[in-house]
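A.B. asks: Sequence and predicted structure below; questions after.
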Amino acid sequence: MVLLLAACSPPSTGSNKGEEQNTAKEGERTQIHWLQHWVSEQGPDKINEVKAAFEAKYPEIELIIDDLPFAQEHDKILALDLAGSPPDIITASGAWVTEFADAGIISPIDEYVAKLPQEYKDALEGPMFLPWKGKLYGVPVTFGNMGLFYNKKILEAANVQPPTTWEEFEAAAVKVTDASKNQYAMTGNLVADPPTVISYEIFPYILQAGGKIINNNRAAFNSPEGVQALEFYKRLVKELKVMTPGELIAGEKEKRANFSAGNIAFMFEGPWGVAIQKKANPNLEFGVVPMPAGKTTGTIAQGSVLTLAAKGKNKDAAWKFIEFMGSAEGQLLWDKATNFFPYNKQTMQDEYFQSNEYLKVFIDQHNSAKNVEVIDNFLPDATDLRKQFTIEVQNFLTDKKTAQKALEDAAAYWDAAFVKAGL
């Protein structure tokens, strides 16, 4: 048991005073632990700016920042909850919210939200601030849609402009690809576990084809538009060969590394990728434009929310941090420090974002794209459903199934999950 508890203790970039998160005695500061993954991506300095601002506002609270790489965070949260020693605040990717809620890992926050000013709640209104089975579980802290990153030098050398349509994208992809130089249009990444890449690589095509991912708590991607999207993707991978080999074993890490190395022309990525690329290769010259349009303009949107651990020992103090991070003040500070895309509507209009050459692209796309969908926060056990969807796309790419059959089988799996969840 001692070894188990030691293994489940979260790493920290802050103070390690005591292993238990007990309520502070009179005159002492209350410690709250925040588990997230951005120190690994952004470095500690920027996150500590948020820590300092929060503690200046609430000097009676000490915020301890626990950090894990994103790929390890989900399973670590499960282990910490099982051991009874979770952090007070859990950063939950949209795909985890319903899973953690149903498992009792995170607590509803309705009683706290009810006490918020109406102006605050109006600023958070939107697709990531909706109830799951009648209860709210998280306050959005990061948000973003997928845009098209492009390598300026590669496009300039090939005399190619950033594409705006599927036709232009396909033509540009062929022109910039040179396998003899290990230069490709895109990284072919479609690993099934963790299944995060499906939101980057496949879902946007379905929306651009005019389709939907879910509708009325049932799968909607097994449509002619879904088939068209998969066939377009397969043409890029298998027929035109404009993507790096090994598409079934590569994920986000490999995609980002290839782009930062300078031999990939395009990458589908969210606004968080701007800071990641600048850190990975400060000399890389890249730009961002909206996703190319198929039948229509479209992109997937997703993000993370801050949640209260059900077994956390300092919920009231932890809520103060969550409330701070969801406010216009907190989001502006957070997004300036990390270069993230704000969810708060008031923050989104700040001059900092409107004048940022990268972030303004995502804001404009958010406001103008005709087919934008947020799905993760409304899927029962979203991680499992996305994994199964990815496996079916792999079956199509490896000629085990037709596009229609793969999508129908994935839809049957999704619909069974909706029914089991009572939806």
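C.D. replies: Nice, I can see it. The model shown is predicted, which means the values in this text are computed figures rather than measured ones.

A.B. asks: as a whole number, average confidence for the helix ranked longest in the chain?
C.D. replies: Selection of the longest helix in the chain by residue count, based on DSSP state H, yields helix 403-420. For helix 403-420, the mean pLDDT works out to 97.

A.B. asks: I'd like to know which elements it is packed against.
C.D. replies: Helix 403-420 sits against helix 224-234, helix 382-397, with contacts defined as 3 or more Cβ pairs under 8 Å, 6 or more residues apart in numbering; DSSP states H and E. Using the backbone N, CA and C atoms, a C-beta is placed for each residue, glycine as well.

A.B. asks: neighbours around A280, how many?
C.D. replies: Other residues within reach of A280 by the criterion other Cβ atoms under 10 Å amount to 15.

A.B. asks: whoops, K420 was the one
C.D. replies: For K420, the neighbour count with other Cβ under 10 Å is 10.

A.B. asks: Surely it touches D381?
C.D. replies: No. The criterion here is Cβ atoms under 8 Å, and K420 misses it with D381 at 9.1 Å.

A.B. asks: Let's have the helices and strands packed on helix 403-420 in CSV, adding mean neighbour count.
C.D. replies: Written out in CSV, the entries for the helices and strands packed on helix 403-420 read as follows (neighbours: other Cβ atoms under 10 Å):
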stretch, mean neighbour count
helix 224-234, 20
helix 382-397, 21
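
A.B. asks: the bottom helix or strand of the chain by mean pLDDT?
C.D. replies: Within the chain, no helix or strand scores below helix 2-8, which has a mean of 40 by mean pLDDT, DSSP states H and E.

A.B. asks: and the next element down the chain from that helix?
C.D. replies: Next in sequence after helix 2-8, counting helices and strands by DSSP states H and E, comes strand 30-36.

A.B. asks: what's the spacing between P140 and T164?
C.D. replies: Distance, P140 to T164, using Cβ to Cβ, to the nearest Å: 29 Å.

A.B. asks: what about these two, which has more around it?
C.D. replies: For P140 and T164, the more surrounded residue by other Cβ under 10 Å is P140, and the numbers stand at 22 against 15.

A.B. asks: quick check, that one in a helix?
C.D. replies: No. Applying DSSP: H, G, I helix; E, B strand; the rest coil, one finds P140 to be strand, outside a helix.

A.B. asks: Is it bridged to anything, and to what?
C.D. replies: Counting by DSSP bridges, P140 is bridged to V305.

A.B. asks: M325 is in contact with that one, correct?
C.D. replies: No. Taking Cβ under 8 Å as the definition, P140 is not a contact partner of M325, at 9.2 Å.

A.B. asks: re earlier: now mean pLDDT too, for the helices and strands packed on helix 403-420, in CSV please.
C.D. replies: Formatted as CSV, the entries for the helices and strands packed on helix 403-420 read as follows, by pLDDT from 0 to 100:
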stretch, mean pLDDT
helix 224-234, 98
helix 382-397, 94
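
A.B. asks: Just put those in CSV and tack on distance to I64.
C.D. replies: Formatted as CSV, the entries for those read as follows, by distance: least, Cβ to Cβ, whole Å:
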stretch, distance to I64
helix 224-234, 43
helix 382-397, 27
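
A.B. asks: per the record, what domains does the chain have?
C.D. replies: In the domain annotation for the chain, the residue ranges read 2-144+303-362, 147-290+380-420 (automatic domain parsing).

A.B. asks: one step back: what's the closest of the helices and strands packed on helix 403-420 to V160?
C.D. replies: helix 224-234 (19.0 Å; Cβ to Cβ).
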